[in-house]
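S.K.: Structure, please.
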Amino acid sequence: MTSIPEDRQDPTVRWRGINHLALVTNDMDATVRFYDGVLGARLIATIGTPDFRHYFFEIGPQNSVAFFEYATSPSKPAGIPDERAAQFDHLSLNVADEDALLALRERLKSAHCEVTDVVDHGFIRSVYFNDPNGIALEASWWVIDATARDTDFGDDRLFADDHPVPAVAELARAGFVSSVPSTKLTPETRTD
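M.R.: So this is what the prediction gives:
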């Protein structure tokens, strides 16, 4: 264990909730339809490349859940360990601003924790590190707070997937999705 230097002990990190919890999906269109259409978690930002999509849904002020969809990644059933593909990617904790992000980075470094440089994702800036269990963590601040504004599908700073899933086109055109997926419990969790 490494002790925290005295000059780093007093100023505490002022956490502001979960910036985003990053999960993995094998069907982003169904994910948009479920999270926005069923749960009412507003789609607030998208990133897309030929290799992956990364979509964000608001679950509270400055708090979101995000999903990755990889072009070549297999899926797995919930609750069943499978080393090919994990459903959990990382947890991003929300900080107030860039100064708080830089202070946290220095705090991690002074505790001899490996941490990345600041990564600019456009609408958020982040640093990445692991907890002692190997859980991937991120600390982020909203450069453009997508949770504090109306949805603007024409704002390419927030909606940057050039080939979004059909549900996004429906949301942009009509303000809602025309269909939603149903889900099922596993036999072990059913109570009926």
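
S.K.: Now do the helices in the protein.
M.R.: Secondary structure of the chain (DSSP state H): helices located at 6-9, 28-32, 98-110, 166-174.

S.K.: Redo these as CSV? Include mean neighbour count.
M.R.: C-beta coordinates here come from the backbone N, C-alpha and C atoms, glycine included. Putting those into CSV (neighbours: other CB atoms under 10 Å) gives the following:
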stretch, mean neighbour count
helix 6-9, 10
helix 28-32, 22
helix 98-110, 16
helix 166-174, 17
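
S.K.: mind giving me JSON lines with those and columns for mean pLDDT and distance to Gly40?
M.R.: JSON lines is the format used below for these (pLDDT from 0 to 100; distance: least, CB to CB, whole Å):
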{"stretch": "helix 6-9", "mean pLDDT": "53", "distance to Gly40": "41"}
{"stretch": "helix 28-32", "mean pLDDT": "91", "distance to Gly40": "12"}
{"stretch": "helix 98-110", "mean pLDDT": "90", "distance to Gly40": "30"}
{"stretch": "helix 166-174", "mean pLDDT": "94", "distance to Gly40": "12"}
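
S.K.: Which one of these lies nearest to Ser64?
M.R.: Ser64 lies closest to helix 28-32 among those, at 13.2 Å (CB to CB).

S.K.: contacts for the closest one?
M.R.: 25, 43, 53, 55, 67, 69, 165-168, 171, 177, 181 (CB atoms under 8 Å, 6 or more residues apart in numbering).

S.K.: again with stretch 52-71
M.R.: Residues lying outside stretch 52-71 but in contact with it, judged by CB under 8 Å, 6+ apart, are 16-28, 31-32, 35-36, 39, 41-48, 50-51, 89, 92, 94, 142, 145-148, 161, 164-165.
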